[in-house]
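**Student:** One predicted model, sequence on top.
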Amino acid sequence: MALSNIIGDEIDEAEAVPVAESTPDAEQAENEKAQVLKIQGAVKADKKFHEKAFEQMRSDMFAARKGYDPKTYPGATSYVAPITRSLIKSKTDSLYAKNPKATAKRKETLDFVVWDETPQSLQMAFQTVQMAQQMMAAAPQQVDLVTGEAVPDVPQIPPEMMQAFQTAQEVIADYQQGTARRKDINKLGKTLEILYSQALTEQKPVDFKTGMKSLVRRALTNGVGYVELDFQRQYGPRPGMTERLADARTRLDHLRVLQERAAEGEIENDDAEMYELETSIAALEKEPEVILREGLIVDFPPSTRVIPHSLCKSLVGFIGARRITIEYLFTCTEIQELFGVDIKGGYKAYSLNGKSDQDTASANMVADEDGANEYGPRTGEVKDKEDGLVCVWKHFDKPSGLVYYVADGHNKWLRPPAPPNVFVEDFWPVYAITFNDVEDENYLWPPSDVQLIKDQQHGINSSRQGQKEHRKAARPRWIGAKGFVGEEAVKTIASAEPFTVSLIDKEPQAKINDMLEVIKVPGVDPNLYDTSPYVTDMQMSVGMQEAQFGGVAKATATESAIAANSTASTSNSNVDDLDAFLTVLARASGQILLREMSEEQVKRIAGVGAFWPHQQLADVADEIYLEVQAGSTGKPNQAIEIDNFNKVAPIILQIPGLNKHAFLKEALRRLDDRMDLTEMFDDQAPSIIAQNAMASAAPPPAAPGEPGAAPEAQGGQGADNAPKPPDGDPGGSDAAFGSNQV
C-alpha cells in the first residue's frame, strides 16, 4: 500500500476522534523544554560512552602528524622517523587516485509476458505476420457495386493459421512494448549518470576528489570516516551542514541578520557592522544577478563529530542504532544566519578546540533564558555574541522518524523537529567506511592503521635514537691524571680546530700520549640497530612493503614478488571496501536526485534529450540504481590491461554479430582515452574488414595460393591462412612487466 494511503487513513481516523482542548502556551513550552532536555541528555550519554574511542582518535591523529606517541616516546627531544605519515600518504594515493565512474544498472526483471525472449520465436512471429500480409496482398480484387472502388477479396485463412497469426501479433506487440520500456529505463540511467557526475564536480568549498582523499586519509588515521548526503534547494532553509554549494545564499543570510540587528537598534550608525551593511548592500545592487543554486551536497564530517548510539553494533550501516548525532561548532552569528534564532546568552560556550569552559559532569544541564544554568552560574560568561562557539547537535531519531536541531545549553529547538531533509532507504543519510573491521562484540570501533603500526613506529624511533646516542657516545675522548695536565692545556686541546697547532705548557721530555689516555668504547654495530624486523612486521600488519617507503633492502626477486603479492592482497581488500562504500553513496544519491530534481532542471543539466520519469518514485527506484565500477578509483596497471586485451581481442573479433561500438568503447577504456564515439560512426558504412573482403571477392577468385603468397591470392581470409601456433598459445614472447632489480 502506498505511503500516502496510509497517511490518509490515519488522518481520517484522527478526524473522527474528538479534538481535545488546545494546550496552553506555557504547558507547550514546558513540554518542548522537557523534550530538548531529553535529547541533550541522550546525546551527552552517547558521547560519554564513546569518549575513550574519541580520545584514541585524537591520539592517532597526533601520531600520524608527529610520528610518535607522546605517552610512550619523548619525541620532542628524540629522533623521530615519521613512517606513519608516509604510510598514510602512500595508501591514500593507491586507494583513491581519481573520481569513481558510476554506471546505471537496470534491475533484472521479466519484461515480456508472451515472448519467451528467444530470437527463434521472435523470428518465427515476424515470418508468420509477413506470410499473412503476403496472402492479403495476393488476394484478387473485386469492384464494389455501390462505390465502384476496388476492394480486395479477403482470403479465407484456416483456423489454425488464424490462431498462429494472432499469437504472432501478440508476441511482436509484447516485444515492442518491453523493448520500449527497457529503452526508457536505459535512457533514464544515462541521464542519472550525467546528473551524478555533474553533482560531484559542483561540490564546494573542496571538490569531490579532494574530499574523498581526505576521507580515505581519515579512515586510515582514525579507523572510520563518514559522509553525509543532503540536498540544497533554491528556496527554503539552508541545510544544517558545513558543506554547501557555492552561491550567494550565505551572503544574503548574513545581510539579513545585519538588517535585523540594525532594525532592533543593536547596531549604531557609527558601528563597524553598520558600515559593513551599507557597503554590502551597495555591492549587491551593482551585481547584475544573484545566483541561488540547488543540488546534491556531499559533506565529510570529522570522525570525532559523529556520535553513534551506544547500542550500535556496527558502524557500517549503523546496525542496532536507534539514533545518531552529528556535532557542529558555530558562532552565535552563524546560528542566527543558519537557523534564524538569536540564542543570546542561553548556551554553553565552547572554545576552538571543541572543549567547553563549563563542567560537563551532568548530562542534563540546560541553560535558562537569563543565561545561568540550573546547576549554578556560568563559569566563563560570554561577554559578546561573537565570543565563544555554540555546540550544535543534529540528532537523527529513527523511532520517531524526526531530526532534532539542539544547541548545548539552549532550552529551545533551533529548528522545529521534522523528517530528514532528504529521503533515503536507511533513514539517516550518513554512511561510514572502515578498512580494518574485526569481530569484537565488546568494542565497536575498528583499529586504525596508525594503531596497527604503533609498536613498529616506536621501535624504529627507539632504534634510531639509540644509534644516535651510541654514535655520540663513541666519539673520541681522553682522560689525564689530575695535576699532571694543566687546566689551560686541557681547554686548549679540547677547543682545538682540525689541522691547527696548539701550544701548551709541558715538560720538553713529556709526551702527549703519556699525558692523555684514550677512552676505549665499543664501536657502533649496525646489526644492533637494524630496523628490518620492524619493516617486516609493518608489512604483515598493514600490507605495506619497504619499497613503498622509498628504500629497498637487498632482497631477491622472489622475495620482492611475494611481498608485492601480499601487499596487493591487502590493498585489493581495501579497494573492495571503498568500491562498496562508493556504490552505497551512488545509490543513495540516485534516490535523492530522482526525488528532488524536476524535469526542467534535469534537461538544463543533462541536455534536452534527457529522460525523466513522471510516475511515482517507488516505481522507478526499484528498476534502476547507480553502481560504481570496480577499481575505477585506483591507479590501474595499464600495461597489464592492454596486454590482456591484445590477447583476447582476436578471439572476440571472430564472433559473429560483434557490436563494434561496444568493442571500441572497451578498447578506449583500457587505453584511458576520452574519445567521443558518437562523432566517428556511420552505421550504414561497412567496416574496413568487410570492405577488404568485398574488394578481394569482386573479381573471379583464383586458386588459393600458398600461405606465404600475396594476400589477394590467399582467399577471403588473407593473412589468417598463415601458420599459427597451437590453440591457447599466443606465440612469441611478451614484453616483461616490472623489474627484477633489487
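**Tutor:** That came in fine, so what should we check first?
**Student:** shaky segments in the stretch 101-250 of the chain?
**Tutor:** For the stretch 101-250 of the chain, the stretches with pLDDT under 70 are 136-146, 148-160, 234-250.
**Student:** which residues in it form strands?
**Tutor:** Secondary structure of the stretch 101-250 of the chain (DSSP state E, counting those that start in this stretch): strands at 102-106, 141-143, 150-152, 225-232.
**Student:** Also the stretch 401-550 of the chain?
**Tutor:** Assigned by DSSP E, counting those that start in this stretch, the strands in the stretch 401-550 of the chain fall at 402-407, 415-418, 430-433, 478-480, 516-518.
**Student:** Out of those, flag the one nearest residue 196.
**Tutor:** Residue 196 lies closest, by Cβ to Cβ, to one member of the strands of the stretch 401-550 of the chain: strand 430-433, at 15.4 Å. Every residue, glycine included, has its C-beta placed from N, CA and C.
**Student:** Pull the contacting residues for residue 105.
**Tutor:** 189, 624-627 (Cβ atoms under 8 Å, 6 or more residues apart in numbering).
**Student:** Scan the residues you listed and report the most crowded one.
**Tutor:** Neighbour counts for these (other Cβ atoms under 10 Å) peak at residue 626, which has 24 neighbours.
**Student:** Which helix runs longest in this structure?
**Tutor:** helix 159-201 (DSSP state H).
**Student:** Quick one: list the elements packing against it.
**Tutor:** For helix 159-201, the packing partners by 3 or more Cβ pairs under 8 Å, 6 or more residues apart in numbering; DSSP states H and E come out as strand 102-106, helix 119-138, strand 295-299, helix 557-596, helix 599-606, strand 624-628.
**Student:** now those in CSV, with distance to residue 394?
**Tutor:** Shown next, in CSV, are these (distance: least, Cβ to Cβ, whole Å):
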stretch, distance to residue 394
strand 102-106, 27
helix 119-138, 55
strand 295-299, 11
helix 557-596, 17
helix 599-606, 27
strand 624-628, 26
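**Student:** For residue 78, find the nearest of the ones you listed.
**Tutor:** helix 557-596 (29.8 Å).
**Student:** Each with direction, which strands does whichever strand or helix holds residue 324 pair with?
**Tutor:** Under the criterion of DSSP states H and E, residue 324 resides in strand 323-330. With DSSP bridges as the test, strand 323-330 is paired with strand 306-308 (antiparallel), strand 389-397 (antiparallel).
**Student:** residues making contact with stretch 460-473?
**Tutor:** Contacts for stretch 460-473 (Cβ under 8 Å, 6+ apart): 67-68, 73, 75, 78-81, 83, 521, 524, 528-531, 534.
**Student:** Most neighbours of all those, which one?
**Tutor:** residue 68 (24 neighbours).
**Student:** so who does the residue lying closest to it once chain neighbours are set aside touch?
**Tutor:** Nearest non-adjacent residue to residue 68, counting by Cβ to Cβ, 6 or more residues apart in numbering: residue 75, 3.6 Å away. Taking Cβ under 8 Å, 6+ apart as the contact definition, residue 75 lies against 66-68, 461.
**Student:** Which of these fall within helices?
**Tutor:** 66, 461.
**Student:** want to throw the contacts of residue 75 into TSV with pLDDT and distance to residue 396?
**Tutor:** Output for the contacts of residue 75, formatted as TSV (pLDDT from 0 to 100; distance: Cβ to Cβ, whole Å):
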residue	pLDDT	distance to residue 396
66	90	35
67	89	37
68	88	38
461	90	42
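**Student:** what's the burial count for residue 578?
**Tutor:** For residue 578, the neighbour count with other Cβ under 10 Å is 23.
**Student:** Equivalent analysis for residue 206, please.
**Tutor:** Other residues close to residue 206 by other Cβ under 10 Å number 14.
**Student:** got the contact list for it?
**Tutor:** Contacts of residue 206 by Cβ under 8 Å, 6+ apart are residue 214.
**Student:** Excluding chain neighbours, give the residue nearest to residue 50 in space.
**Tutor:** residue 307 (6.5 Å).
**Student:** just checking, that neighbour touches residue 42?
**Tutor:** No. Counting by Cβ atoms under 8 Å, residue 307 stays clear of residue 42, with 9.8 Å between them.
**Student:** Could you measure from residue 479 over to residue 520?
**Tutor:** Look at residue 479 and residue 520: by Cβ to Cβ, to the nearest Å, they are 11 Å apart.
**Student:** Looking at the two, which has the bigger crowd around it?
**Tutor:** residue 479 (10 against 7).
**Student:** Surely that one is in contact with residue 519?
**Tutor:** Yes. Applying Cβ under 8 Å, one finds residue 479 in contact with residue 519, separated by 6.0 Å.
**Student:** just the helices in the stretch 301-450 of the chain please.
**Tutor:** In the stretch 301-450 of the chain, the segments counted as helices under DSSP state H, counting those that start in this stretch are 332-339, 449-452.
**Student:** nearest to residue 116, of those helices?
**Tutor:** Proximity to residue 116, assessed across those by Cβ to Cβ, is greatest for helix 449-452 (53.8 Å).
**Student:** could you give the mean pLDDT of the closest one?
**Tutor:** For helix 449-452, mean pLDDT rounds to 91.
**Student:** in that helix, what's buried?
**Tutor:** Within helix 449-452, the residues that count as buried by 16 or more other Cβ atoms under 10 Å are 449-452.
**Student:** Confidence-wise, which helix or strand of the protein is lowest on average?
**Tutor:** Sorted by mean pLDDT, DSSP states H and E, the helices and strands of the chain end with helix 3-16, the least confident at a mean of 39.
**Student:** re the thing from before, which one in the contacts of stretch 460-473 is the model shakiest on?
**Tutor:** Ranked by pLDDT, those bottom out at residue 75 (77).
**Student:** and residue 439, how many residues sit next to it?
**Tutor:** 4.
**Student:** Next one: it from residue 320, what distance?
**Tutor:** Distance, residue 439 to residue 320, by Cβ to Cβ: 15 Å.
**Student:** what does residue 198 give?
**Tutor:** 36 Å.
**Student:** How about residues contacting stretch 578-593?
**Tutor:** 95-96, 100, 102, 104, 192, 195-196, 199, 216, 227, 229, 231, 296, 298, 422-426, 429, 431, 433, 617, 621, 624-628, 630-633.
**Student:** do you know how far residue 214 is from residue 32?
**Tutor:** 38 Å.
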